[in-house]
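Novice: Prediction below, plus the sequence it came from.
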Amino acid sequence: MSPEQAANEIRRLLRNELDDCERAIRNQDLHRARNELDDAITKLKRIANSLQ
């Protein structure tokens, strides 16, 4: 994965996953919010590993 591809993927990931997390918090679904954050972390780690 090129640095440009990684940057685009990170932007997309943050937009989508954090929007989902924010929506879950607004709905007072803290379990789902935590799962969304865990998903984002896992995906960010995968991107970081692909750059090494």
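Specialist: Looks like it arrived, so ask away.

Novice: which helix in this protein runs the most residues?
Specialist: Taking residue count as the measure and DSSP state H as the definition, the longest helix of the chain comes out as helix 3-26.

Novice: Which neighbouring elements make contact with whichever helix or strand comes after it?
Specialist: Tracing the chain C-terminally past helix 3-26 and defining elements by DSSP states H and E, one meets helix 30-50 next. Using 3 or more Cβ pairs under 8 Å, 6 or more residues apart in numbering; DSSP states H and E as the contact criterion, the elements in contact with helix 30-50 are helix 3-26. C-beta here means a position set from N, CA and C on the backbone, and glycine is covered the same way.

Novice: The helix it packs on - what's its average pLDDT?
Specialist: Rounded to a whole number, the mean pLDDT of helix 3-26 is 90.

Novice: ditto for stretch 37-44
Specialist: For stretch 37-44, the mean pLDDT works out to 92.

Novice: any idea which residue sits dead centre in the protein?
Specialist: For the chain, the residue whose C-alpha lies nearest the mean C-alpha position (Cα atoms, centre = their mean) is A40; its distance is 2.7 Å.

Novice: coming back round to it: how far away from the center of its chain is the longest helix of the chain?
Specialist: Distance of helix 3-26 from its chain centroid, counting by Cα atoms, centre = their mean, to the nearest Å, is 5 Å.

Novice: OK, contacts around the closest residue to the residue nearest to the centre of the chain other than its chain neighbours?
Specialist: With sequence-adjacent residues excluded and distances taken as Cβ to Cβ, 6 or more residues apart in numbering, A40 is closest to E17, at 3.8 Å. E17 makes contacts with E36, L37, D39, A40, K43, as judged by Cβ atoms under 8 Å, 6 or more residues apart in numbering.

Novice: try 7 Å this time
Specialist: Remark: with contacts taken as Cβ atoms under 7 Å, 6 or more residues apart in numbering, E17 is in contact with E36, D39, A40.

Novice: Against L18, how distant is the last one?
Specialist: Just to be clear, that refers to A40. 7 Å (Cβ to Cβ, to the nearest Å).

Novice: Could you do L30 as well?
Specialist: When distance is defined by Cβ to Cβ, L30 is 15 Å away from L18.
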